[in-house]
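Visitor: Sequence below, structure please.
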Amino acid sequence: MDGQRLKEDNKLQTRKDETQEEVLKNKISRLRAALELEKDPNLKKEILLLLEEYEASYKALIQKKRFLKYLLFAAAAIAIIIAVLFFMFLKDSSRSSTSSSQVHHFRESTASSEKDKTEKTTAAESSDKKKSKSTNLNAFPRTLLGTWSGYLSYAQEDMSMTFTEDNIVKTTVGSNTYTSRIDSLEKVGTNTYLYHLSPNSEPTALAPGAQIGGARIKYAYGIYLGEDYIVPIVWQASENADFDYSKPLENNQPDYRLTKGNASQNSSKATRKKDSQVDTKNLTTQQVEDWVIAHYLDSNKDNRFTKADFIIESWKAQTDGLVYAIVRENHDTDAMKEAGADPNVNPAVAHYRINANGELEKLSGADNWTVVSRTYYTD
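Guide: Below is the predicted model:
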């Protein structure tokens, strides 16, 4: 009965999704037609944003339909399994003369299984303890020792991290200094290590300035050790879930790429023109585009390109009154051509906006805007 009801519900959902699919396809078709006919640049950009939103919804709907098909297949498989198990149960029940010996055998098998499981668990715990002891001998790899520095654009400050032989991490952001003591490092991926903090030590030096928080959420901290740079990493999980060390918080990474040397050697602050007196709620078009490209280049950290290799399009939306900007690669420049860029397109690589508080936000995902800078600056 449950399987039949699930099939009927899936059919109703499929019909509903097909209707919604037709609606989305019609809207996308009309928007594409309007985009070709529209002459006003601002309205054309708003139509383009709306078109991208509907195309994303259409893709999500197609994925949902595929999931429903898989769900229907799974329900049918479960129904078959239940029927087979029920038949086996009836067959076994007819053998009442041997039921007692079967129960006895089952109990013996269960006891043996539990014993084996206990022995394996004890062996694993012993192995983990040995591994922990060997890790504690050298908390930091030799290549990690020393001072690494860079620029934290979110805080508009220079940043440095120093790793010492006595397992101390000392981090400086502007005039603020934070210290954490590490008990050991655990390798959890390619060149990726998880910190195990010493008792009573706080993680304040491991990811300063990271935008984290939330109820019933836990965090873990680590470091990615590149060929000539490091990236502090933060992982997030609900309080009852395990961490997935293959998926760090991405929006914590771009500003945290640090290279070997002290702040005076690697500081990029001197190359930036920071002006806290600029009213970010009333920026000119040029100021908006300068702020946007300065942050994009700072977070992208690709020395092959400069702002001359990008096109910035900005406009004030009529819907919410906010200023939006799109960063596009300019594939007509020599640097882009050398990088093998397709000369027939200028793809969008980042979306920004100035929120109502005058803060620069960057789009990640479908509709997730994150504040990336509160103080106006340019290259």
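Visitor: Give me the below-cutoff pLDDT ranges for the stretch 101-250 of the chain.
Guide: Of all residues in the stretch 101-250 of the chain, those with pLDDT under 70 make up the ranges 101-138, 153-156, 209-214, 250.
Visitor: what do you get for the stretch 251-379 of the chain?
Guide: For the stretch 251-379 of the chain (pLDDT under 70), the answer is 251-256, 262-276.
Visitor: all strands of it, in order?
Guide: Assigned by DSSP state E, counting those that start in this stretch, the stretch 251-379 of the chain shows strands spanning 258-260, 273-274, 310-316, 323-329, 348-354, 360-364, 368-373, 377-378.
Visitor: so where do the strands sit in the stretch 101-250 of the chain?
Guide: Using DSSP E, counting those that start in this stretch, strands in the stretch 101-250 of the chain cover 146-152, 157-163, 168-173, 176-189, 192-197, 217-225, 229-238.
Visitor: want to try a markdown table for these, with distance to Lys44 as columns?
Guide: C-beta here means a position set from N, CA and C on the backbone, and glycine is covered the same way. What follows is these, written out as a markdown table (distance: least, CB to CB, whole Å):
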| stretch | distance to Lys44 |
| --- | --- |
| strand 146-152 | 36 |
| strand 157-163 | 39 |
| strand 168-173 | 42 |
| strand 176-189 | 44 |
| strand 192-197 | 44 |
| strand 217-225 | 41 |
| strand 229-238 | 39 |
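Visitor: Adding mean neighbour count and distance to Thr375, write the ones you listed out as JSON lines.
Guide: JSON lines is the format used below for the strands of the stretch 101-250 of the chain (neighbours: other CB atoms under 10 Å; distance: least, CB to CB, whole Å):
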{"stretch": "strand 146-152", "mean neighbour count": "20", "distance to Thr375": "12"}
{"stretch": "strand 157-163", "mean neighbour count": "21", "distance to Thr375": "10"}
{"stretch": "strand 168-173", "mean neighbour count": "20", "distance to Thr375": "14"}
{"stretch": "strand 176-189", "mean neighbour count": "17", "distance to Thr375": "16"}
{"stretch": "strand 192-197", "mean neighbour count": "19", "distance to Thr375": "30"}
{"stretch": "strand 217-225", "mean neighbour count": "19", "distance to Thr375": "26"}
{"stretch": "strand 229-238", "mean neighbour count": "19", "distance to Thr375": "22"}
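Visitor: Generate a markdown table for the strands of the stretch 251-379 of the chain, with distance to His295 as supplementary columns.
Guide: Output for the strands of the stretch 251-379 of the chain, formatted as a markdown table (distance: least, CB to CB, whole Å):
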| stretch | distance to His295 |
| --- | --- |
| strand 258-260 | 18 |
| strand 273-274 | 12 |
| strand 310-316 | 11 |
| strand 323-329 | 9 |
| strand 348-354 | 7 |
| strand 360-364 | 6 |
| strand 368-373 | 6 |
| strand 377-378 | 8 |
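Visitor: Mind checking these for the one nearest to Leu43?
Guide: Distances from Leu43 to each of the strands of the stretch 251-379 of the chain were compared using CB to CB; the minimum, 9.3 Å, belongs to strand 310-316.
Visitor: from the chain's centre, how far out does that closest one sit?
Guide: 26 Å (CA atoms, centre = their mean, to the nearest Å).
Visitor: For it, which outside residues touch it?
Guide: 41-42, 45-46, 285, 288-289, 292-293, 296, 322-330, 346, 349 (CB atoms under 8 Å, 6 or more residues apart in numbering).
Visitor: That strand vs strand 348-354, what angle?
Guide: Interaxial angle of strand 310-316 relative to strand 348-354 (axes from the mean of the first three to the mean of the last three CA atoms, to 10 degrees): 40 degrees.
Visitor: quick one on the thing from earlier: let me know which of the strands of the stretch 101-250 of the chain is the nearest to Asn300.
Guide: Closest among these, using CB to CB: strand 146-152, at 13.0 Å.
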